[in-house]
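**Q** based on what follows, work out the 3D shape:
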Amino acid sequence: MERVSIFVDGANMYYAQKRLGWFLDYRKLLCYFRTHLGMQVADAFYYTAFDPSAKGRDATFHDYLLHSGYVLRTRPIKGCCDTAREEPPWERVELTVDMTLDMLLTLDHYDVCAIFSGDGNFERVVEALRARGKQVMVFAHPEMTARELRNATGIHFHDLRDMERYIARTDRAPESCAHEREKPAAEGWINE
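**A** Got it, this is the predicted structure:
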C-alpha cells in the first residue's frame, strides 16, 4: 500500500474554495485518500497565517483540523509600519518555505506527496521530489494554478472540481471513513 503525505496551503485553498462555491471537508479529504485511492495517510499538514488579535472562528477551525488528524503549521500575520495606506497594515505571510521544508524533512515517510495548492513556487520542490523517486500529485483549481506547477506535475494534476462529490462539506456531519471510527468534531465548529 502506498503511503501519502498531504500538504495543504490554507490560503490558496481558501481562495480556490471561494471560486468553486463549496468548501472542502478536511476529514473527507483524508478518507478520499484512504478509501478511493487506497493509500495509507502517513502525514497531513495544514499551513495558514492567523491574526493573533482575532479569536473565535479561526481557533475553532484550527481545533477541528487538529482533531481530524492534521499537523497545523501557523504563522502570525505581522503588522507593518506604513500608516499612509488606507488598507489594513498587514503584510502577507508566506508559508511556502515551511511547506517545502516539511516535504523534504519527511521524505522517508511517504511514497506519494499530495500538494493542495496552485502556487508556482512549488515547481522546484516538485522536480526535486520526482528526482528522488517520489510521485507528486497536485490538487488545485486549474484557473488558479501556475503554468510552471502544471508543467512540473504533468498528468498528476487533479482538478478540485472533479472531486466535489468526495470531499465537499455538507450541512450534516462528515461521513465516517470505513477504515476508522468517527472522531468527534471540535465543539462549536460551524459551516461557513
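
**Q** correct me if wrong: F23 contacts Q17.
**A** Yes. At 5.1 Å, F23 and Q17 qualify as touching, with contact defined as CB atoms under 8 Å. In short, each C-beta sits where N, CA and C put it, glycine included.

**Q** overlap in contacts of these two?
**A** When CB atoms under 8 Å, 6 or more residues apart in numbering defines a contact, no residue borders F23 and Q17 alike.

**Q** so who does V8 touch?
**A** 26, 44-47, 70, 116-117.

**Q** and what of F122?
**A** With contacts defined as CB under 8 Å, 6+ apart, F122 is in contact with 96, 99-100, 115, 138, 149, 152.

**Q** mind checking how far it is from P142?
**A** In this structure, F122 and P142 are 15 Å apart, going by CB to CB, to the nearest Å.

**Q** sitting in helices, which of the contacts of F122 do you find?
**A** Cross-referencing the contacts of F122 against helices under DSSP state H gives 96, 99-100, 149, 152.

**Q** that older thread, just give me the closest of the contacts of F122 to C31.
**A** I115 (18.7 Å; CB to CB).

**Q** does that closest one really touch E123, like I thought?
**A** No. I115 is beyond contact range of E123, at 10.8 Å (criterion: CB under 8 Å).

**Q** between these two, which one's more packed in?
**A** Counting neighbours by other CB atoms under 10 Å for I115 and for E123 shows that I115 has the greater number, 26 against 17.

**Q** quick one: the helices in the chain?
**A** Using DSSP H, the helices of the chain run over residues 10-20, 26-31, 57-68, 96-105, 123-131, 147-153, 164-167.

**Q** of the contacts of V8, buried ones?
**A** Among the contacts of V8, those scoring as buried are 26, 44-47, 70, 116-117 (criterion: 16 or more other CB atoms under 10 Å).

**Q** and of the residues you listed, the nearest to T106?
**A** Distances from T106 to the buried ones among the contacts of V8, taken by CB to CB, are shortest for F45, at 8.6 Å.

**Q** show the pLDDT at the closest one.
**A** F45 is assigned 98 on the pLDDT scale.

**Q** how close does it get to E148?
**A** F45 is 22 Å from E148, by CB to CB.

**Q** swap in K18?
**A** As judged by CB to CB, K18 and E148 stand 23 Å apart.

**Q** again with C113
**A** 17 Å.

**Q** and the longest strand for the chain?
**A** strand 40-50 (DSSP state E).

**Q** in its sheet, what does that one sit against?
**A** Strand 40-50 has the following sheet partners, assigned by DSSP bridges: strand 3-9 (parallel), strand 71-76 (parallel).

**Q** which helix or strand in this protein has the lowest average pLDDT?
**A** Scoring the helices and strands of the chain by mean pLDDT, DSSP states H and E places helix 57-68 at the bottom, with a mean of 88.
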